[in-house]
Structure formats: structure tokens, C-alpha cells
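K.L.:
here are the coordinates; sequence isn't available:
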């Protein structure tokens, strides 16, 4: 079956379409969803991007991010919609925000992703694990479908690629990704604008919270780790992205260790981990120990336990 052709056929047959932003969204999640909405509206479709949590203002510079609809999946009325597209999401828990919430029947689904640990099993499912970002998968789809990519769409797609590769530091297929980036820049993607927003537009409390992670950094045999409990997180104003920022920019780069883990209790009893590694170390095997997954050099997991219990379990499991 030509899955890419089938996806386009299903889209053309649909009229009112939902697109998902996954839990704890990153640049690729936003980029993929907003790029799809931009494309769908050009086709004359009704398209709505939804999220299980409030959108961090840091991402408002991405076109359309301010208009994302925040919903409660357990109460949302899906009946007016005939298609739900799930981009850049490997598990259903990251779609709805809870393992206990199930998506309804009676609506068609399409999954588009690049995570090698993708577990979503809908018939219309495209997973390209050699792509560095779901935005790169979408670029290939748009190219196959002969979609005109204007500067606004090009900038959205480039944001996802730059985000998931940490500004091209980590690529699954560097030659392919660099060629995609070059094509997007030629189509008008504003890389200077994205560089400014990525690295020169941090909230004050976000930077202070990263400092807390760094001050409390600890070293084990082959990894470093730091953690923040919920009460401390609240004192900093609960800045989204702090865990990932600390892990991306500092933890993976510590000399003499293979990887780092940033640990954050985002709610009482909900402890999230971000694993980041040097190129040769595959951290998905560590994330899987806690029911998580992701990419070779960037993965994550969640533990539902008290903060102290979670820290004990993490240290025991990773040091064992």
C-alpha cells in the first residue's frame, strides 16, 4: 500500500480535522501540528490544533501557536470531527496526557512520526525513524504531494527540525537533513529569526531554574543527574522547558560521562526525566526501564510516585 498516497486521500475526503500537540510539547510537536494546519487550511479544510495542557508563551512566536485549543480529552466532544492527525507522538499517553484516557471510536486517525519507539498502531501510520524530526517527514510528504512551500510554512518546518536536532547538532541522517534545511532556506525559511528565538529570548525565571539544576548537578559512574521537586519548581514560576534546556545544553556535554538525566517533579507525584547523551550512547534503553522512549541521544520517561521514591528508584536503576 502506498501509505503516503493513502494519507493524502484520507485528508482530501475529510472536512473537519483535529491535529494533536503532545504532552510536554517541544519545537517539533508545535512545528508539525502548525505546519499541518497551515497546509490543511490551504486545502480549504477546517483544521483545529488541540493540546492537553496550557501553551507556554515561549512558543507564541510560531505562527498559529496562540490559537491552539486547550482541551480536557476526557470531556471533549469529538463528534463534529471526521479525522484526527497525531504527529510527533509515540504513545497514546502523550496524546491525551494520561494513560487512563482513551481516544474515542467513530473518528479516523492518522499517525505521522519519526520516533523509533512509536507504539501507535492505527492503519494509517507513517513512521520514518531515519528522519531527524517529524517536520522533516512532513517536508518529504509535502514534496511528494507537490505542495507549494511558502516562506511561512518553510519557517514552521525548519523550527521543528532545528528544535529536534538541537540546531543541527544531532541528526539521524546528516546529509539528508542538511539538504532539507538548505531547501527550506531557499524557500524563504527565516533561520536568523529562529536562531534569535531559540537562543536569545529566555524568560528570567527559566534561566534561574536552569542555574538550580546546574548547582545541584551530581555525578555517578557513567552519568550525571540533577533534580528539582515540585515546591522548588513552583518558586521559579513553573517555567516550561527548563528540564530539557538543562539536559540539552549542559548535561550531555560533561566530560568523562556518557549521558545525563534532568529530573523534574512537574506535579505532586509526577516525576519527569529527560535523558541526553553523547552521539555513541543510546539512552532509549535507559528511558525504557521507566516505561519511556524517544531517540538514541534524547529520550524521556515519567514516574508516578512521590519525589523521594522516584529519585531512589532512578538512582538504583541507573547505577545498578
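P.N.:
That came through, no problem. What you see is a predicted model, and the numbers here were worked out from it, not measured in a lab. Residues are numbered from 1 along each chain as shown.
K.L.:
What segments of the chain are helices?
P.N.:
Taking DSSP state H, the helices of the chain run over residues 3-13, 27-42, 92-96, 134-144, 151-164, 174-186, 191-199, 204-215, 230-235, 242-249, 284-288, 307-319.
K.L.:
Let's have these in CSV, adding distance to residue 270, mean neighbour count and mean pLDDT.
P.N.:
In short, each C-beta sits where N, CA and C put it, glycine included. Output for these, formatted as CSV (distance: least, CB to CB, whole Å; neighbours: other CB atoms under 10 Å; pLDDT from 0 to 100):
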stretch, distance to residue 270, mean neighbour count, mean pLDDT
helix 3-13, 34, 15, 97
helix 27-42, 19, 25, 98
helix 92-96, 12, 21, 93
helix 134-144, 25, 22, 98
helix 151-164, 24, 25, 97
helix 174-186, 33, 16, 98
helix 191-199, 27, 14, 95
helix 204-215, 17, 16, 97
helix 230-235, 8, 14, 98
helix 242-249, 12, 22, 94
helix 284-288, 16, 18, 95
helix 307-319, 9, 15, 97
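K.L.:
Output these as CSV; include the columns distance to residue 295.
P.N.:
Output for those, formatted as CSV (distance: least, CB to CB, whole Å):
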stretch, distance to residue 295
helix 3-13, 22
helix 27-42, 11
helix 92-96, 14
helix 134-144, 11
helix 151-164, 8
helix 174-186, 13
helix 191-199, 19
helix 204-215, 21
helix 230-235, 25
helix 242-249, 12
helix 284-288, 7
helix 307-319, 18
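K.L.:
Can you check which of those helices gets nearest to residue 64?
P.N.:
When the helices of the chain are compared by CB to CB, helix 27-42 sits nearest residue 64, at 4.5 Å.
K.L.:
how far off helix 134-144 does the closest one point, in degrees?
P.N.:
Helix 27-42 runs at 30 degrees relative to helix 134-144, counting by axes from the mean of the first three to the mean of the last three CA atoms, to 10 degrees.
K.L.:
and helix 27-42, what other elements does it pack with?
P.N.:
In terms of contacts (3 or more CB pairs under 8 Å, 6 or more residues apart in numbering; DSSP states H and E), helix 27-42 is packed against strand 16-21, strand 46-51, strand 83-87, helix 134-144, helix 151-164.
K.L.:
mind putting the ones you listed in CSV, distance to residue 112 included?
P.N.:
Compiled in CSV, the helices and strands packed on helix 27-42 are given as follows (distance: least, CB to CB, whole Å):
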stretch, distance to residue 112
strand 16-21, 10
strand 46-51, 14
strand 83-87, 5
helix 134-144, 6
helix 151-164, 12
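K.L.:
what's the closest of those to residue 189?
P.N.:
With respect to residue 189, and counting by CB to CB, the nearest of the helices and strands packed on helix 27-42 is helix 151-164 at 3.7 Å.
K.L.:
for that closest one, packing partners?
P.N.:
If contacts are counted by 3+ CB pairs under 8 Å, 6+ apart, helix 151-164 sits against helix 27-42, helix 134-144, helix 174-186, helix 191-199.
K.L.:
and these as TSV, adding distance to residue 279?
P.N.:
Shown next, in TSV, are the helices and strands packed on helix 151-164 (distance: least, CB to CB, whole Å):
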stretch	distance to residue 279
helix 27-42	19
helix 134-144	19
helix 174-186	11
helix 191-199	21
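K.L.:
and residue 302, which of the ones you listed is closest to it?
P.N.:
Of all the helices and strands packed on helix 151-164, helix 27-42 sits nearest to residue 302, with 16.0 Å by CB to CB.
K.L.:
and residue 296, which of the helices and strands packed on helix 151-164 is closest to it?
P.N.:
Evaluated with CB to CB, the helices and strands packed on helix 151-164 place helix 174-186 nearest to residue 296, the distance being 13.5 Å.
K.L.:
Give me the helices and strands touching the closest one, please.
P.N.:
Applying 3+ CB pairs under 8 Å, 6+ apart, we find helix 174-186 packed against helix 134-144, helix 151-164.
K.L.:
want to throw these into TSV with distance to residue 245?
P.N.:
Listed next are these as TSV, based on distance: least, CB to CB, whole Å:
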stretch	distance to residue 245
helix 134-144	20
helix 151-164	12
